[in-house]
Each structure stands twice: as structure tokens, then as C-alpha cells.
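Asks: Return atomic coordinates for the entry below.
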Amino acid sequence: MLAFETMKIFYEVDELKFCHFYVTTKKQKLFKMKSIKIYQQLMILTGFIIVLSSCKKYLDINQNPNAGDEPPINGLLANVTNTSALNVFRIADWTSYYTQYLASPSTASTVDTYDDVDASGAWNGCYNIMTDLYHMKIFAAEKGLNAYIGVSDILMALHINMLSNVWGNVPYSASFLGAENLHPQFEDQKALYDTCLALLDAGIAALQQPDATDELDASSDFIHAGDAAAWIKTAHALKARMLNQVSKTASYNADAVLSELAQAYTSNADDAQITTFDGFNPWAQEAYNNASLLLDGWLSAYFINATNGNIYGVFDPRLPHITDTTKYGDYRGTVNGAGGEGDPTDPSECYLTVGKWYSSDNSPLQIITYAECKFMEAEAQFRKSNTTDAYNAYIAGITANMQKISVEDTAIQRYTTEPTVAVGAQNLTLPLIMKEKYVALFLSPVTWDDMRRTDYNYKDFMLPENAVLSTFIRRLNYPPYEISTNGENVPTVQMTDHLWWDQ
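Replies: You can find the predicted model right below:
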């Protein structure tokens, strides 16, 4: 049995405590596994306790000691806008291994090889903030604050959709009743999809009310700085994403996708994201872990090969904005499931690097972007056989993403006129659109949705080494704590089960 030494690094992101365990063998390989501190189950928390504790803690938002116990609605707005983006990260911190953006340095790690994982942190983080959203909507309705109602509906839809896209059936309607219902039923994933669309419509309607225009507190809204019109655009963008998500079903309607996009974003300035953190961007934490030899955030060989010219024959100028070269002067990734070799101080493989665009202290943590909208437009137009419009949107999506991450204009021009990229309208294919979207949505959980609905049809994308499944992963198992406390309602599933929109 190999001798090993265990080191623990604790850090806090909002309400949840993350604990990373790193194990070093005699061969000096560092193995990572993530364990999330088990939370007080959502249903046994009373709303006021959750709300009061989160508002008091988050970013030092203060309450008047002479006021009553009702939490300030601006404190709720600050918490839900900031933490919603963190929940996108919590989901992506798992899905980025399934999409092979990231790879584990540990040979045959659970997250790389489709083995069962405990994603309690992502599950709990979503339900905790959904409780705050539920109460913010109640308080807003009591005060007649339409803009707060609208934001609550939009962010609730975001969370339900994220949860359902990872786990399928999940609790919703009965999840906020506290002691009245400690064991909520799991609702059908298709019904939850319809609920999300209805919430987005309701959010748009609330934000369109005349009194909603200047209602939101700008300093408490970390996503759109109190701009109701910006929230309406985000709702349309999220609705377009959901309508595009069902491309494998008979209900897919390209015109409906395009209709929503026409009311969504028009530039990178519209993007839904946060740049304010209680600390710093969590992807930066993974980069700092590497710098401290606590290995984390290794880049997958597939992502590196998709951008360094090995797969598509063209070097992507975004790559130097994501990572540094190895000691060999080139870009090399870690094969998922195979484990990594090397030392970040003398790197033979690429990692998330401190100070790069996605992993700087205040790098944007993105929810949905203009670039994503352009790729949705390209796909919808392509499915309608409008090849010229599809091609124009495809090039616009590449350009928008490159401009956002500060790629030089000359490099953008060179890449977008490269023959393997600038194929012309008549030669455009759906896999090429999805390839460019894959790079533009680096670290986004939406990419896993894309891969499943296109049956992982990405050039040279293969199963990880040492995979425990014989086919690509389609969903996660439910968190163990949910099974132990609400087991009578938790569905029995397999990670190869297809979700309703992935048939």
C-alpha cells in the first residue's frame, strides 16, 4: 500500500464551505477529490432564518438594529444576483470534466471517468439561493415592487433549468414550505421546463410594468446594476437558450428561438455576469491552487488539441488568454482519465493560470452572453436552411467572444479569414458551429447540454480513459444526502439515462 500524506485546504465561497483534499503518493502525483460540507437540508430551514443569515453575512450588507426582523429586500437582491453566478460555477465545476474543458491530474479519477460523484455543493447551493428567491418574491409582492418580482422569476427559472438539466426530475413547488413538507416530491422534468418558460414570461411582464424602470437598487444588483431593460434582455436570452435546448424534440421551433434572440442581446455589454466577489473569482482559486502545487484546474487534452491546431488545423488566438505554454514552448493538455504528469513550476502540461482572462481575481463569472446568443442564432438559422444568415451569425459569435477576452484585432481578422474557419455560407456545418461555440463557452455548463443534444458529435471527442461507463455520460446521480433524507421520493436512475429532451 502506498504511503501518502494528506493536506487540506479550506476556503469559503458564500454560504458553502468547500474542502479540497490532495493526496501525494511516493510517485509525487497529487490526487484531487472534492467534498462539500453537508448543508442543513433546505426544507427544514425556515425562510426567515436563511434570509437573515445570508443577508447579514453577504458582503457586509448591514441591517438597521432598530428595524424589525424583516430582511432588507436590497440585501436579498445582492445575495441572489451574486450567488446565482456562483451557482453556475458550482455546476460547471463538475460538467467541465464531462465536456473535457478540464481534466483531473489523478489517474482514473471519479469525475473524469463517469464514476459516481457527490455533487452536493452544486445541489445545495442552488436550493439555498432558490429559497432566497422565493422569499424575495414574497416580500416584493407585499411591497408592490414589480422589478424585484421579475428578477426573482428570471433567476428561479435559471436555477430550475440548471438543476433539471443535470439531474432530471427535481423538487420545486413544495420545496419552500419548511416544516410543512420535509419530504417534497420530485417533479417531472418536462413539466419543470414548462414552468421555467412561464417564469421567464412572468419575469418579463413584471419588469415591463411602468414602476419597474428605476426600482432596483443599482448597488445591490451585481448582474445588471439595477437596469430593468437589461434584465428583460437576459430573460429573452435565457428563453432562447431553453427553446434551443429541445432541438432533438418535435417541439423545437427555430423561429421561436430567433424571436427571443431578436429581443435579447445586441453586444457584449449586455452580458449577464458578475465581477464582484467575496474574495475572488472561483476559477482563480483553482489557478492559485496550481501555483501552490495543490493541483487543480488542469486543462483537458481535448480542449487544448481543439485550439492548438492539432484537431482543426488552425491555432486559436484565444488559447494564450486562457493558459501559458509548457516548458516545451507549446500547449499540451491532460488526457481525461489518464492522469497528469508534471509540476506547475516546471509545467509539461497546461493549467488554468493565475492572471489569465478566465482565472484572474476579478474575471467575469458569466451566466449568459452575447456570443452564446449569436451561436444560437447561427444554429437556428442553419436548421432553417438560411445558410447566409447562419454564417454571418457564426462569424459574429467568434468575433464577439474574441473581442470580449481581449484578443488583438489583427489576430481576430487572421482567424476569421482562415480557410478552415471562413468556410463560406454554403460549406457551413452544424458541427463547425458547435465547435466554435464550444470554445466560446469555455467553462460553461451549457456545453454539456449541447454535447448531449448533439450526441457528442464533436470531432475526435472520445470517451475518457478508464471510463466506468461504456458510453457517454447523460446525467448525474442524486446527491447521497438527498437520498438519505428524502429517499422515498428520489427517483432511481442511471448515469446513462437520457433526459426528456435528449431522446
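
Asks: which residues sit in contact with the residue lying closest to Glu465 once chain neighbours are set aside?
Replies: In this structure, Glu465 finds its nearest non-sequential neighbour in Gly337, 3.6 Å apart by Cβ to Cβ, 6 or more residues apart in numbering. For glycine as for every other residue, the C-beta is placed from the backbone atoms N, C-alpha and C. Contact partners of Gly337, counting by Cβ atoms under 8 Å, 6 or more residues apart in numbering, are Ala103, Thr107, Ala108, Ser109, Asp112, Thr113, Pro464, Glu465, Asn466, Ala467.

Asks: Out of these, grab the one that's most surrounded.
Replies: Ala103 (29 neighbours; other Cβ atoms under 10 Å).

Asks: What are the phi and psi values at that one?
Replies: phi -140, psi 150 (degrees, to the nearest 10).

Asks: OK, contacts around it?
Replies: Counting by Cβ under 8 Å, 6+ apart, Ala103 touches Tyr97, Asp112, Trp298, Leu299, Ser300, Ala301, Gly333, Thr334, Val335, Asn336, Gly337, Gly340.

Asks: Which pair of these spans the longest distance?
Replies: Spatially, the most separated pair among those is Leu299 and Gly337, at 14.6 Å (Cβ to Cβ).

Asks: would Leu299 count as being in a strand?
Replies: Yes - Leu299: assigned to a strand according to DSSP: H, G, I helix; E, B strand; the rest coil.

Asks: List the buried residues of stretch 189-206.
Replies: Neighbour-count burial for stretch 189-206, counted by 16 or more other Cβ atoms under 10 Å, picks out 189-190, 192-193, 195-196, 199-200, 202-206.

Asks: Ok, stretch 263-272 next?
Replies: Neighbour count says stretch 263-272 has Ala264, Tyr265, Asp270, Asp271, Ala272 buried, by 16+ other Cβ under 10 Å.

Asks: So which of these sit within strands?
Replies: Members of these lying in strands (criterion: DSSP state E): Ala272.

Asks: Rebuild the buried residues of stretch 263-272 as CSV, extending it with distance to Pro431 and pLDDT.
Replies: As requested, these are exported to CSV (distance: Cβ to Cβ, whole Å; pLDDT from 0 to 100):
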residue, distance to Pro431, pLDDT
Ala264, 25, 98
Tyr265, 25, 98
Asp270, 28, 98
Asp271, 26, 98
Ala272, 27, 98
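
Asks: Which one of the buried residues of stretch 263-272 is nearest to Gly75?
Replies: Ala272 (20.6 Å).

Asks: in which helix or strand would I find the closest residue to the closest one other than its chain neighbours?
Replies: Distances taken as Cβ to Cβ, 6+ apart place Ile367 nearest to Ala272, at 4.1 Å, with adjacent residues excluded. Following DSSP states H and E, one finds Ile367 within strand 365-368.

Asks: Paired strands for that strand, with orientation please.
Replies: strand 272-274 (antiparallel) (DSSP bridges).

Asks: Toward the C-terminus from the strand it pairs with, list the very next helix or strand.
Replies: Counting by DSSP H and E, the next helix or strand C-terminal to strand 272-274 is helix 282-291.

Asks: returning to that earlier point: can I get the buried residues of stretch 263-272 in TSV with distance to Leu182?
Replies: Below are the buried residues of stretch 263-272 laid out as TSV (distance: Cβ to Cβ, whole Å):
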residue	distance to Leu182
Ala264	40
Tyr265	41
Asp270	41
Asp271	39
Ala272	34
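
Asks: Out of the buried residues of stretch 263-272, the closest to His183 would be?
Replies: The closest of those, once distances to His183 are taken by Cβ to Cβ, is Ala272, at 34.1 Å.

Asks: looking at it, the closest one is touching Ile232, isn't it?
Replies: No - the pair Ala272 and Ile232 fails to qualify as a contact (Cβ atoms under 8 Å) at a distance of 11.6 Å.

Asks: can you pull out the helices in the stretch 1-150 of the chain?
Replies: For the stretch 1-150 of the chain, the helices defined by DSSP state H, counting those that start in this stretch occupy 47-57, 73-98, 120-143, 146-167.

Asks: buried sites along stretch 479-498?
Replies: Pro479, Tyr481, Glu482, Thr485, Asn486, Val490, Met495.

Asks: So of those, which two are at opposite extremes in space?
Replies: Farthest pair in the buried residues of stretch 479-498, by Cβ to Cβ: Thr485 and Met495, 21.5 Å.

Asks: mind exporting stretch 356-371 as CSV, just the C-alpha atoms?
Replies: This file holds the C-alpha atoms of stretch 356-371, laid out as CSV (Å, rounded to 0.1, in the frame of the first residue of the first chain):
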residue,chain,number,x,y,z
LYS,A,356,-5.4,34.9,-17.4
TRP,A,357,-8.8,36.1,-18.7
TYR,A,358,-11.0,33.4,-17.0
SER,A,359,-8.9,33.0,-13.9
SER,A,360,-7.9,36.4,-12.7
ASP,A,361,-9.1,37.6,-9.3
ASN,A,362,-12.0,39.7,-10.8
SER,A,363,-12.6,37.9,-14.1
PRO,A,364,-16.2,37.9,-15.1
LEU,A,365,-18.2,34.9,-13.9
GLN,A,366,-20.6,34.5,-16.8
ILE,A,367,-24.3,33.4,-16.8
ILE,A,368,-25.2,34.0,-20.5
THR,A,369,-23.5,36.1,-23.1
TYR,A,370,-24.0,37.9,-26.5
ALA,A,371,-21.6,35.4,-28.1
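
Asks: Report the buried residues of that stretch.
Replies: So, applying 16+ other Cβ under 10 Å, buried residues of stretch 356-371: 356-360, 363-371.

Asks: can you check stretch 223-237 too?
Replies: Buried residues in stretch 223-237 (16+ other Cβ under 10 Å): 223-224, 226-228, 230-237.

Asks: Among those, pick out the one closest to Ala287, please.
Replies: Ile223 (23.6 Å).

Asks: The residue lying closest to the closest one once chain neighbours are set aside and Ala103, how far apart?
Replies: Spatial nearest neighbour of Ile223, excluding adjacent residues (Cβ to Cβ, 6+ apart): Thr81 at 4.6 Å. To Ala103, Thr81 is 32 Å away according to Cβ to Cβ, to the nearest Å.

Asks: check contacts around Asp211.
Replies: Neighbours of Asp211 in contact, by Cβ under 8 Å, 6+ apart: Gly144, Asn146, Ala147.

Asks: Neighbours of the first one, how many?
Replies: The one in question is Gly144. Based on other Cβ under 10 Å, the number of other residues close to Gly144 is 11.

Asks: where does it land on pLDDT?
Replies: pLDDT, Gly144: 96.

Asks: List the buried residues in stretch 417-424.
Replies: Under the neighbour-count rule (16+ other Cβ under 10 Å), stretch 417-424 has Val421 buried.

Asks: which stretches of this protein aren't confidently modelled?
Replies: 1-71, 177-181, 342 (pLDDT under 70).

Asks: Which stretches in it count as strands?
Replies: 5-13, 16-24, 30-36, 102-103, 272-274, 298-299, 365-368.

Asks: Now do the domain split for the chain, please.
Replies: Listed domain ranges for the chain are 5-369+441-486, 370-440 (source: automatic domain parsing).

Asks: so which of those gets nearest Trp501?
Replies: Comparing these by Cβ to Cβ, domain 5-369+441-486 comes nearest, at 4.8 Å.

Asks: which among the contacts of Ala103 gets closest to Phe375?
Replies: Distances from Phe375 to those, taken by Cβ to Cβ, are shortest for Ser300, at 20.6 Å.
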